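Colleague: what would the 3D arrangement of this be:
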Amino acid sequence: MRALLILAAVALLYAAGPADAAPRTRSDATACAAKAKPARAGRPVAARRGAARRRAAVLRRRCAAARRERVGTVSAGRAGIPGAFVAPASFATAPPATPVAATPGPTAPGTPAPEQPTGPVLPPVYSNPYAVQVQGFEFGLQLSKAAVSAGSVRVEFNLARAEDPHNLWLVREDGGGSPYSFDEEPSGAVVAKTLALSRGRWKLFCSLTGHEAAGMRATLTVN
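Modeller: Numbers count the residues shown, from 1 in each chain. Next up, the predicted model:
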């Protein structure tokens, strides 16, 4: 009879388990390394083993929960989820630099100077009363002056503005004296001659077909 009572008491203890079997709660993962407290010496072997298994199971669950909590906190912090997270202030950027035009420095000795653009250079309009410039173009003749002095007159035939070849004739309007002529010259040509022009009105024109009629004519007065 006494043996039955002892067995019944052991069964009740095994089913209920000790109230203080669970380990103390810890908030961090160090609880995973904590060892279960040894069972009371007066308990049967089976009861001690059952209590140890229950404590181990509780520790495993709490360790797993602590690991999940820690991993979730770190991940959320990295992703910027916590509301207390404040993004660092951005670096101040300097205003864009204004490009400065490079200025040419001094030319080293022996360095050739840069070439200047070249083009047709027209002779100057003479103020000499014994010189006149006649510019030919499509289609007209332009004199540098309307009158010159009688005598040896320098006549310059200038085709810098022309696109086609032209020639030049000088003939007195009254038909007297000897006519003068410039041969047909290509566009861009500049030819000068000194002619003996007598007093009177001289007609200047291009004798190529249709050029005089198109406007290549002018009158020069010789005083």
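
Colleague: you'd agree Gly50 is in a helix?
Modeller: Yes - under DSSP: H, G, I helix; E, B strand; the rest coil, Gly50 sits within a helix.

Colleague: what count of nearby residues applies to it?
Modeller: Using other C-beta atoms under 10 Å, the number of residues around Gly50 comes to 19. To be clear about C-beta, it is placed using only N, CA and C from the backbone, and glycine gets the same treatment.

Colleague: could you check the pLDDT of it?
Modeller: If you check Gly50, the pLDDT there is 74.

Colleague: any idea how far Ala57 is from it?
Modeller: 11 Å (C-beta to C-beta, to the nearest Å).

Colleague: please apply the same query to Ser149.
Modeller: Distance from Ser149 to Ala57, by C-beta to C-beta: 134 Å.

Colleague: that older thread, shared neighbours of Gly50 and Ala57, anything?
Modeller: Common neighbours of Gly50 and Ala57 (criterion: C-beta atoms under 8 Å, 6 or more residues apart in numbering): none identified.

Colleague: so Ala214 touches Leu141, yeah?
Modeller: No - between Ala214 and Leu141 there is no contact under C-beta atoms under 8 Å: 10.9 Å.

Colleague: quick one: the helices in this structure, in order.
Modeller: In the chain, the helices defined using DSSP state H lie at 2-16, 45-79, 211-214.

Colleague: of Ser149 and Ala57, who's got more company?
Modeller: Neighbour totals were compared for Ser149 and Ala57, and Ser149 leads with 14 against 10 (other C-beta under 10 Å).

Colleague: burial check on the residue nearest to the more buried one when sequence neighbours are not counted, number of neighbours?
Modeller: Excluding the flanking residues, the one nearest Ser149 by C-beta to C-beta, 6 or more residues apart in numbering is Pro129, at 4.3 Å. Close neighbours of Pro129, defined as other C-beta under 10 Å, add up to 14.

Colleague: with Asn167 instead?
Modeller: 18.

Colleague: gap between the closest residue in space to it that isn't next to it in sequence and His211?
Modeller: Leaving aside its chain neighbours, Asn167 sits nearest to Glu184 (4.3 Å; criterion: C-beta to C-beta, 6+ apart). Using C-beta to C-beta, one obtains 11 Å as the distance from Glu184 to His211.

Colleague: of those two, who's got more company?
Modeller: It is His211, of Glu184 and His211, that has more neighbours when counted by other C-beta under 10 Å, with 21 against 14.

Colleague: no further queries at this time; thank you.
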